[in-house]
Every structure is written in structure tokens, then in C-alpha cells.
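>>> Task: produce atomic coordinates for the following.
(one chain, ligands or ions: 4)
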Amino acid sequence: MTTATATTVLDYTSDSYKDAYSRINAIVIEGEREAHDNYLQLGELLPQHTDELVRLAKMEARHKKGFEACGRNLSVTPNMEFAQAFFAQLHGNFQAAAAEGKIATCLLIQALIIECFAIAAYNIYIPMADPFARKITEGVVKDEYTHLNFGEVWLKANFATVKAELEQANRDNLPIVWKMLNAVEADAKVLGMEKDALVEDFMIQYSGALENIGFTTREIMKMSVYGLTA
Ligand code: Y39
Ligand code: FE
Ligand code: FE
Ligand code: FE
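Ligands and ions are numbered 1, 2, ... in the order given. Here you go, the predicted structure:
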């Protein structure tokens, strides 16, 4: 198999690239905006961790600024309506969980699922990105591992009491991720990102996170394919 490099295949100035970028760039901007809000909300639910969570929220706000600059650099206007619709289901589930004080569910949605999705997408995007966006994304992805780690550490420390809640939250939210991936498959491909690679990287990150929290291999097998055929 030959690996095509971004510069041989992608024309960042083409209408087709810019059209796909208007949606993917918006998704990333909206995702970073919602991540900022989600960490602030988690900071209220976890008073012992407010300072750290406010710090994570500030990182997300910086990421948003960085990706807005990436769009401007390519003269692309992000399609924010598309992005809000893209996140609506996960966003609604996070809000519902927060209103009920379900901290483990909120952490599974933001710190595990969304962070693993971001890490997979950014890892796959970096080698295909234009040089400006590549530099920005390389800085961002390092932070996302920190966010994932926060969720892992808290959920591991509370594993016995949150295990059943996490299993239900996984059942409710993982199928949404596969639908989200299907919704961006065509645009991602235009940016040089293959769906198979995104699924593979997501699975590696997410199953690794579940393992770090305390789930057995058997449990992870059952959980991580949940809704995959949805
Ligand atoms: O924690 C974070 O910063 C995550 C909110 C950002 C979400 C990024 C979502 C990436 C999905 C891109 C899909 C491309 C195929
Ligand atoms: Fe981020
Ligand atoms: Fe993050
Ligand atoms: Fe990877």
C-alpha cells in the first residue's frame, strides 16, 4: 500500500476542498465551543476540581480560536448551523445528564467519547492538513490527551459506584458517534481522512480509556462495538 501525502493529492484552494472544509472546520469550532462550556459545567458539578476544570475550559477556548484562524487562512466560512445540528444529540444528552447531576455520564460524553473522537480526527488530519492548520492541530491534540486523562482519573477513582451508570451512558451515546461519523464520512474523505482510519483510531483511544478506568477486556469488547452497525 502506498501512502499518499497531502501535498500530492489535496488542493487546499479548490472549491471542493473549501466546501468540505466549511463543514468539518465548523464541526471542530462548535465542538471546541461546546467542550469549553461542558468543562465549565463540570467545574460546577465537581467543586473539588473547579480550578482544574476551568483551566481545561480555557484550553478549549484557545483551540476554538486556533481553528477559526485555520478557516480564515483558507478563506473558508464555517457552516455553524450544520455543526450545531451535528452535535445536537450528544449536546442534549450532556445537558440532560448535567441537570440530573449525573457526573459520570457527563464525563463519559465529554471527556471520553468527544475527546477520543477529537484525538482520532486530529491524529488522522495532521498529516493531510495545510501547513498552517497542521501546526495548530499538533498543539491542540496534545491538550486533548490531558482532557481525556482527567476523565479517566476521576472515573477510575469512582469506578465501583459509577460502573453501571457508565455502561448505560455508553449504550445511550456510542451509537450517536457512529451516526456522526457517517454524517461526515464524505467530507472527511475530501480532506484526506478515511472513515476506516477514524473508526480504528477512535476504537484504540476509547477502548484504552475504558481499560484505564477499570473495565475488563470482555466488558470493553461488548461496550466498544455498541451501536456500531447503527
Ligand atoms: O475536546 C475537544 O476539544 C473536542 C471538542 C472537540 C471536538 C472535535 C470534533 C472532531 C470531529 C471532527 C470530525 C472529522 C471527521
Ligand atoms: Fe479541544
Ligand atoms: Fe478537549
Ligand atoms: Fe492514533
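
>>> got the contact list for Phe202?
When contacts are counted by CB atoms under 8 Å, 6 or more residues apart in numbering, Phe202 is found next to 116-117, 120, 177, 181. All C-beta atoms are positioned from the backbone trio N, CA, C, and that covers glycine.

>>> Equivalent analysis for Asn182, please.
Neighbours of Asn182 in contact, by CB under 8 Å, 6+ apart: Lys195.

>>> hmm, back to that, find the pair from the contacts of Phe202 with maximum spatial separation.
Cys116 and Leu181 (11.9 Å; CB to CB).

>>> Those two - which one has more neighbours?
A direct count of neighbours by other CB atoms under 10 Å for Cys116 and Leu181 places Cys116 higher, at 24 against 17.

>>> does the more buried one really touch Ala209, like I thought?
Yes. Judged on CB atoms under 8 Å, Cys116 makes contact with Ala209 at a distance of 6.4 Å.

>>> Quickly list what's touching both of the two.
Contacts common to Cys116 and Ala209, judged by CB under 8 Å, 6+ apart, are Leu148.

>>> still on that earlier bit, of the contacts of Phe202, list those near ligand 1.
Among those, proximity to ligand 1 is found for Phe117 (CB under 6 Å from any ligand atom).

>>> which one among the contacts of Phe202 gets closest to Asn25?
Looking across these and measuring by CB to CB, the closest to Asn25 is Phe117, at 15.6 Å.

>>> need the contact list for that closest one.
Phe117 makes contact with 177, 180, 202, according to CB under 8 Å, 6+ apart.

>>> Would you mark the buried spots in the helix or strand harbouring the first one?
Assigned by DSSP states H and E, Val177 falls within helix 159-190. Within helix 159-190, the residues that qualify as buried by neighbour count (16 or more other CB atoms under 10 Å) are 162-163, 165-167, 169-170, 172-178, 180-181, 184, 187-188, 190.

>>> That one: how far from the chain's middle?
Distance of helix 159-190 from its chain centroid, counting by CA atoms, centre = their mean, to the nearest Å, is 10 Å.

>>> Give me the buried stretch members for the next helix or strand after it, please.
Scanning forward in sequence from helix 159-190 by DSSP H and E, the next helix or strand is helix 195-213. The neighbour-count check on helix 195-213 (16+ other CB under 10 Å) flags 198-199, 201-203, 205-207, 209-210, 213 as buried.

>>> Next: stretch 92-110.
Under the neighbour-count criterion of 16+ other CB under 10 Å, stretch 92-110 has 93-94, 97-98, 102-110 buried.

>>> do stretch 116-136 as well
116-126, 128-130, 133-134, 136.

>>> how many other residues sit next to whichever residue of the chain sits closest to ligand 1?
The minimum distance from the chain to ligand 1, using CB to the nearest ligand atom, falls at Gly31 (2.7 Å). Neighbourhood size, Gly31 [other CB under 10 Å]: 23.
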